[in-house]
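Visitor: fold the following, please.
(2 chains)
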Amino acid sequence: MTPLLEVRDLAKHYPVKSGIVVARQVGTVRAVDGVSFAVNRGETLALVGESGCGKSTTARLALRLIEPSAGSIHFDGRDVTRIGGAALRALRRRAQIVFQDPYASLNPRLNVGDAIAEPMAVHGIGNAASRRARVEELLGLVGLAPFHAARFPHEFSGGQRQRIGIARALSMQPELIVCDEPVSALDVSIQAQVVNLLKDLQRRFGLAYLFIAHDLAVVKHVADRVAVMYLGRILEVASKRALFAAPRHPYTRALLAAIPHPDPQRRGRVTPLGGDVPSPMAIPPGCRFHTRCPAAQAICREQDPALRPLADGHQVACHLAETLPEAISDTGAGFAPAAARRLALFAKARAAV
Amino acid sequence: MSATTAPVIIAPPRPGLLRRLTRDPAAAAALAFVVLVILAAIFAPLLAPTDPFDNDLSSAMKPPGSEGLPLGADAQGRDLITRLLYGMRMSLLMGFAAVILGGGIGAILGFLAAFYQRWLDAPIMRLVDIMLSFPAILFGLAIAAILGPGILAVVLALSVATVPLMARIVRGSALVVMRQDYIEAARATGMSDLRLIWRHLAPNCLSAIFVFATLRFGQVILLGSALSFLGLGAQPPIPELGAMASEGRTFLFFAPHIAVIPSVAIFLVVLAFNLLGDALRDALDPRLRV
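Guide: Next up is the predicted model:
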């Protein structure tokens, strides 16, 4: 089966210019530097990584909202890297986006009904009456009421706005929705609602999600597969279960170890990564992670590791993936007996309510 | 998880534009005054007690309050009420024409510069810089030299002088809007550039356009009177507020009302438009709707 979205060696390089009269190029920001992945129908691929690692750029490249410097994008088996005009419009109908900031992603001058109906109007779907009916249906789908259509975005809370953004993305019945950190601007309690809404909609409409996130707790909840990005490159791709249980890349391990954990015993057993992410203008030679990698060897400084397959779909870009010791998989375990007893009691009490 | 199970909610009515506009007493007064002035200008031929070119030298320079002349008469003995009504008409017309023509072209240039930043920003903005380096009076002189002095020359000169200012303001405001996610969302729906500019970019720059247009309206009336004063604009005996004020300047010590009355009229009109512009900006901003 061909994947719904497949990108190969995708890159986006921004020239950095300096000079007032004659602009000279003094460097290149390699925001995305050779990324390959595939999203299957009905599947959620989560793209995780630190801020500035190129996640959002990758998302926009995949939707052709910005032009790639290199690489190819295939949608439903068709090469869409260079299409334009009517073909691009057709792609826009099938692939939509939900943004991170619900306060910036809705035009304050359009009421909610118009905002949701606009994509349909642009593509000439239905007439005014049928679009209005569809808007009401969509509002219902995302848990809002029909009269909200006449309201303006500023009259809604962040979570409600995000629902409006989702309704807008759904209005053309797309097959793929790119979710660019759809919940990271929301309250934790609202996050759960929106994430559950997204999952619910996925089940109903068979949507595929490219889910950009930096919150691993959310990723663990929504993703089928996870791709870990670092400095514009994917370092590891695996099913969610495999990635969380047996991460192969040292960077993935560091990320997982950085998840806040309610276990005082764990303190001191986790060494956080030192240093900062290198500048995307000066990506280290060899493995781009070697400057911060606790396991770096000589080879890491010289050869750039390619993303290579291990067992069952697990891919990793690390020279030492096979020789690294097993990760300390202590998520959930490791509580002191007293604490574990209390937690069990708490869980029981909560279940009874 | 869904919010639809909430009790039946009745959407409360929202106040209309006029209600929001007149909430502030100063804005309400300004609106009333502007409406009054515009109506007076439109219906000047019906309202004016005499013909604007009717001179009666026996009542020349009569002060306000004289019999039959509540605002007095000018140096040619023409009724100042009549002159004021017709002068207002001319000044408003020139102001509107210049702001709409110049502001319209300027706004389009600004939108294009911001939207097609990669190709059009530098050429358009350098053009604007060149235009900005000419004083409006110079445009007036040049255009009057080509077309001959008159109202049309003044309107064109004022439009040309307004284009670069509006272009800069609109470009700045549009560049801010272009960075918003909703522009990218609109792009992601596959709409045409024209629709994107018209539906998403332009409406969000409206407040800047309105505020500048009203401020510019006042300046344009003043500039237009200055050009008329220099003999490039309205030719006597055509009534025009600026020209009237400069005519009265000669008699400032004997009959101050001839210069003061049109000047006060200019001041009031400009003030009212400024207040109205501010109020409009607030009323048009959906975020400030209560």
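Visitor: remind me which residues of the stretch 1-150 of chain B are low pLDDT?
Guide: Scanning the stretch 1-150 of chain B for pLDDT under 70 picks out B:1-17.
Visitor: can you do 90?
Guide: For the stretch 1-150 of chain B, the stretches with pLDDT under 90 are B:1-31, B:34-35, B:37-38, B:40-94, B:117-119, B:132, B:134-150.
Visitor: can you map out the helices along it?
Guide: With DSSP state H, counting those that start in this stretch, the ranges of helices along the stretch 1-150 of chain B come out as B:17-21, B:25-42, B:44-47, B:80-115, B:117-132, B:136-147.
Visitor: so which of those comes closest to chain A?
Guide: helix B:117-132 (11.0 Å; C-beta to the nearest C-beta). Just so you know, the C-beta spots here come from the backbone N, C-alpha and C atoms, and that holds for glycine as well.
Visitor: report the angle between the closest one and helix B:136-147.
Guide: Using axes from the mean of the first three to the mean of the last three C-alpha atoms, to 10 degrees, one finds that helix B:117-132 and helix B:136-147 are set 80 degrees apart in direction.
Visitor: buried residues in helix B:117-132, which are they?
Guide: B:121, B:124-125, B:128, B:131 (16 or more other C-beta atoms under 10 Å in any protein chain shown).
Visitor: and the longest strand seen in chain A with chain B, contact?
Guide: In chain A, taking DSSP state E as the definition, the longest strand is strand A:24-39. No: Strand A:24-39 stays clear of chain B (C-beta under 8 Å from any C-beta of the partner chain), getting no nearer than 15.6 Å.
Visitor: picking that back up, can you add distance to residue A:141 and give the helices of the stretch 1-150 of chain B back as a markdown table?
Guide: What follows is these, written out as a markdown table (distance: least, C-beta to C-beta, whole Å):
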| stretch | distance to residue A:141 |
| --- | --- |
| helix B:17-21 | 33 |
| helix B:25-42 | 42 |
| helix B:44-47 | 59 |
| helix B:80-115 | 33 |
| helix B:117-132 | 37 |
| helix B:136-147 | 57 |
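Visitor: the host helix or strand of residue A:133 - contacts with which helices or strands?
Guide: Secondary structure from DSSP states H and E places residue A:133 in helix A:128-141. In terms of contacts (3 or more C-beta pairs under 8 Å, 6 or more residues apart in numbering or on different chains; DSSP states H and E), helix A:128-141 is packed against helix A:112-122, helix A:158-170.
Visitor: next one: phi and psi at residue A:17?
Guide: When quoted as degrees, to the nearest 10, the phi and psi of residue A:17 stand at phi -110, psi 150.
Visitor: how close does residue A:187 get to residue A:159?
Guide: The gap separating residue A:187 from residue A:159 is 7 Å, by C-beta to C-beta, to the nearest Å.
Visitor: looking at those two, which is more packed in?
Guide: Taking neighbours as other C-beta atoms under 10 Å in any protein chain shown, residue A:187 and residue A:159 compare with residue A:159 leading, 20 against 13.
Visitor: touching, the more buried one and residue A:190? I think so.
Guide: Yes: here residue A:159 reaches residue A:190: they are 3.7 Å apart, a contact under C-beta atoms under 8 Å.
Visitor: the helices in chain A, which residues?
Guide: A:55-62, A:85-94, A:112-122, A:128-141, A:158-170, A:188-205, A:216-222, A:240-245, A:250-257, A:298-302, A:337-352 (DSSP state H).
Visitor: run through who's touching the second one.
Guide: Around helix A:85-94, the neighbours that count as contacts under C-beta atoms under 8 Å, 6 or more residues apart in numbering or on different chains are A:64, A:75-76, A:80, A:83, A:119, A:123, A:172, A:174-176, B:188-190.
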